[in-house]
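K.L.:
Below is the structure, and that's it, no one-letter string:
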């Protein structure tokens with residue numbers, strides 16, 4: 001496979017979804033530094049993380065399930081090594097900047113280093129006092145997912161049965177519903193919606209923990225299961241890919257309406273699984289060229305998708321450095337400041353990608369005996385985070 005043919009082999013629809021997800025998250029995190037026109041997107045931009053979860057569940061699930069379908073063994077060590085090559089180098093570089101260069105921190109308070117090294121920051125964060133590098137919570141969720149999914153898959157593969165798989169998926173969905181309901185109605189609501197720390201405690205107890213945020217990952221895995229083991233079902237569904245896309249968009253509109261009160265009871269209990277279903281519909285449609293969205297190549301989407309991991313880890317810090325060193329250009333928030341933030345974040349992400357991410361991806365592929373062209377199709381086979 002040549003580099004040119006590998007580039008053509010990318011899934012344009014998934015590139016576009018990745019790009020939309022990271023842009024939405026960046027606007028959400030940086031909206032107070034941007035012109036007022038971005039605030040409508042910024043209000044709901046946090047949903048981009050859930051789209052990343054669905055993409056990760058679908059792509060990682062597919063990687064694990066296809067060998068089983070073909071009668072090949074799944075190596076736990078090999079899987080974990082691949083994930084380590086993908087995640088750890090850049091993550092540790094960014095973490096080192098947080099530890100050894102305080103100006104890098106977008107906020108003054110930071111959690112203990114051991115929480116970051118053990119990927120448990122989403123369980124133990126004191127969000128009231130420590131908000132620096134708080135966006136690592138989603139990476140913690142994904143790491144827990146990477147740790148547990150192959151073990152569960154191998155256990156189910158010993159004596160596979162549809163009812164077992166459905167039962168496991170249903171268990172984790174019910175776990176999320178039950179835990180969010182208990183935390184909201186029995187822990188948070190008694191203190192009152194107007195309490196000073198209500199939103200902070202909501203973040204710590206409902207929004208960040210892994211066991212309350214598995215809906216998107218489960219939806220992605222469900223897609224991978226259907227595509228891998230029920231190709232007939234998948235084919236019948238994707239015959240109507242454009243209608244699937246339309247249904248996903250319509251359901252997302254309903255989800256956005258539900259989350260107009262972001263910390264309200266309806267969104268807390270049922271909003272997350274509904275959002276996961278809507279985004280799974282978008283991912284399924286975007287993965288097939290029979291859908292116009294799956295064929296559409298949005299200018300710049302391929303680049304932004306490729307840099308998504310670097311952008312996610314560094315955008316808050318780079319915008320903070322812009323404010324420190326380019327204050328005259330950053331105030332007031334206007335089109336100039338928005339362009340400056342976009343350009344600096346992209347430049348920094350590209351630097352981290354080519355200096356850290358890409359060399360380790362190439363090293364991983366050499367160890368596995370694959371050609372270097374594999375690195376250029378990461379967006380086809382790897383999750384965004």
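P.N.:
Structure's in. What do you need? Being a predicted model, the structure only gives us computed values, none of them experimental.
K.L.:
can we go C-alpha only for contacts and neighbour counts from here?
P.N.:
Will do.
K.L.:
Spell out which helix or strand contains the most centrally placed residue in the chain, please.
P.N.:
Centroid-nearest residue in the chain: residue 52, 2.7 Å away (criterion: C-alpha atoms, centre = their mean). Secondary structure assignment for residue 52, by DSSP states H and E: helix 47-69.
K.L.:
buried ones in that helix?
P.N.:
For helix 47-69, the buried set under the neighbour-count rule, 16 or more other C-alpha atoms under 10 Å, comprises 47-66, 68.
K.L.:
Check the burial of residue 119 by counting its neighbours.
P.N.:
For residue 119, the tally of surrounding residues (other C-alpha atoms under 10 Å) stands at 19.
K.L.:
what about it, is that helix, strand or coil?
P.N.:
Assigned with DSSP: H, G, I helix; E, B strand; the rest coil, residue 119 falls in the coil class.
K.L.:
ok, now which ones touch it?
P.N.:
Listed by C-alpha atoms under 8 Å, 6 or more residues apart in numbering, the contact partners of residue 119 are 139-140, 143.
K.L.:
separation between it and residue 332?
P.N.:
37 Å (C-alpha to C-alpha, to the nearest Å).
K.L.:
now do residue 57
P.N.:
40 Å.
K.L.:
Now residue 161: phi and psi?
P.N.:
Main-chain torsions, residue 161, degrees, to the nearest 10: phi -160, psi 140.
K.L.:
now swap in residue 125 and tell me
P.N.:
Dihedral angles (degrees, to the nearest 10) for residue 125: phi -60, psi 140.
K.L.:
Looking at the protein, which helix is longest?
P.N.:
In the chain, assigned by DSSP state H, the helix with the most residues is helix 76-100.
K.L.:
the inter-axis angle of that helix versus helix 47-69?
P.N.:
160 degrees (axes from the mean of the first three to the mean of the last three C-alpha atoms, to 10 degrees).
K.L.:
Which positions in helix 76-100 come out as buried?
P.N.:
For helix 76-100, a neighbour-count test (16+ other C-alpha under 10 Å) marks 79, 83, 85-87, 89-91, 94-95, 98 as buried.
K.L.:
Tell me which residues are up against stretch 262-276.
P.N.:
Residues from elsewhere that reach stretch 262-276 (C-alpha under 8 Å, 6+ apart): 50-51, 54, 173, 177, 180-181, 184, 199, 202, 213, 215-216, 219, 251-252, 255, 258-259, 261.
K.L.:
how does it look with 6 Å?
P.N.:
177, 181, 215-216, 219, 255, 258-259 (C-alpha atoms under 6 Å, 6 or more residues apart in numbering).
K.L.:
can you check stretch 277-296 too?
P.N.:
With C-alpha under 6 Å, 6+ apart, stretch 277-296 has contacts from 12-14, 241-242, 245, 248, 251-252.
K.L.:
before we move on, what about stretch 304-315?
P.N.:
Outside stretch 304-315, the residues that touch it by C-alpha under 6 Å, 6+ apart are 15, 18-19, 345, 349, 385.
K.L.:
Check which element follows the one helix or strand residue 150 maps to along the chain.
P.N.:
Here residue 150, judged by DSSP H and E, is contained in helix 137-158. Using DSSP H and E, the helix or strand that follows helix 137-158 in sequence is helix 162-182.
K.L.:
What angle do helix 137-158 and that next one make with each other?
P.N.:
150 degrees.
K.L.:
Can you list the buried residues in helix 162-182?
P.N.:
If you call a residue buried by 16+ other C-alpha under 10 Å, then helix 162-182 has these buried ones: 165, 169, 172-173, 175-177, 180-181.
K.L.:
repeat for stretch 128-140
P.N.:
131-140.
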